[in-house]
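Undergrad: I'd like to go over a predicted model; first the sequence, then the structure.
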Amino acid sequence: MDEQGAVAKKCTNIQDTAVRACELRLERRTIAHGDERVEFVCGASGGPESGYVLGAVGEDLSSMATICNSCPIPAALESRRACLNLVPVRRFGVRSLPMIQPGVPGSEAADAYFPCRWFYTLFGQKQPGDNTMCLGCPYWFPRPPRELIPNYWPETQRMLRVVSGEESTAGPPTGFTPASRPPPARTWWQRLFQKVHL
């Protein structure tokens with residue numbers, strides 16, 4: 001089977017637009033001006049409540065197709081090595097080109113990151129851009145369906161804060177610094193006590 005055929009099988013039709021299937025694309029119902037509206041939200045960009053709105057039912061979904069079809073997250077989640085601890089996030093921002101105005105369709109740039117619940121503190125804001133770190137991980141566990149992963153959306157929002165620099169990954173001080181050493185022992189029994197207990 002060729003690559004285009006494999007990608008076509010993984011697509012779904014939404015309003016006659018071929019869009020790549022993704023477990024993190026969500027539908028959200030909102031009420032605006034007394035009318036109910038169904039929006040398609042990128043869950044990787046903040047979850048069902050604060051995720052990036054890709055499009056809405058009844059509107060042109062070509063920008064959603066462009067954004068979703070170029071996203072590396074669905075392929076990573078479909079791979080054999082997708083892990084329970086993997087929390088992929090997508091950060092949307094406006095490109096800073098002078099000829100493209102904010103709010104114009106196609107002016108949004110999105111970066112995908114693949115933080116791990118175990119090792120995200122090692123990378124800080126520079127989280128990996130793919131899931132190759134899962135290949136040799138000693139904590140790897142097969143990824144269950146998203147609904148079975150506890151606290152998935154709060155973890156997604158937390159990883160977005162880490163990637164954007166709003167939350168620090170530095171841990172609290174451990175106390176193992178030269179200033180925290182006990183005072184020198186004066187008697188033989190104090191020296192013995194320090195050697196046994198330190």
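TA: In hand now; what should we look at? Model, not experiment: these values are computed from the prediction. Numbering: from 1, shown residues only.

Undergrad: could you say which helix or strand holds residue 186?
TA: For residue 186, there is no host helix or strand (DSSP states H and E).

Undergrad: low-confidence stretches in the protein?
TA: Flagging of the chain using pLDDT under 70 yields the residue ranges 1-9, 11, 13, 94-108, 171-182, 198.

Undergrad: so the residue nearest the centre of it versus residue 167, what's the distance?
TA: Most central in the chain under C-alpha atoms, centre = their mean is residue 89, positioned 2.1 Å from the mean C-alpha point. For residue 89, the distance to residue 167 equals 12 Å [C-beta to C-beta, to the nearest Å]. In this view, the C-beta of every residue, glycine as well, is placed from N, C-alpha and C.

Undergrad: ok, now residue 92?
TA: For residue 92, the distance to residue 167 - C-beta to C-beta - is 18 Å.

Undergrad: which of these two has more residues huddled nearby?
TA: Legend: neighbour count by other C-beta atoms under 10 Å for residue 92 and residue 167, higher for residue 92 (17 against 13).

Undergrad: in contact with the more buried one, which residues?
TA: 42, 45, 52, 108, 109, 110 (C-beta atoms under 8 Å, 6 or more residues apart in numbering).

Undergrad: quick check: closest non-adjacent residue to residue 73.
TA: Nearest residue to residue 73, sequence neighbours excluded (C-beta to C-beta, 6 or more residues apart in numbering): residue 88, at 4.6 Å.

Undergrad: quick check on the one you found: phi, psi?
TA: With angles defined as degrees, to the nearest 10, residue 88 sits at phi -70, psi 140.

Undergrad: repeat that for residue 164.
TA: phi -80, psi 0.

Undergrad: now residue 50
TA: Taking degrees, to the nearest 10 as the convention, residue 50 sits at phi -120, psi 20.

Undergrad: cool, the one 4 residues further on as well?
TA: As for residue 54, its main-chain torsions (degrees, to the nearest 10) stand at phi -80, psi -30.

Undergrad: checking my notes, residue 30 in a strand, right?
TA: Yes - assessed by DSSP: H, G, I helix; E, B strand; the rest coil, residue 30 belongs to a strand.

Undergrad: pretty sure it contacts residue 40?
TA: No - applying C-beta atoms under 8 Å, one finds residue 30 not in contact with residue 40, separated by 11.6 Å.

Undergrad: who has more neighbours, the two?
TA: For residue 30 versus residue 40, neighbours defined as other C-beta under 10 Å are more numerous around residue 40 (21 against 12).

Undergrad: give the bridge partners for the more buried one, please.
TA: With DSSP bridges as the criterion, residue 40 is bridged to residue 27, residue 55.
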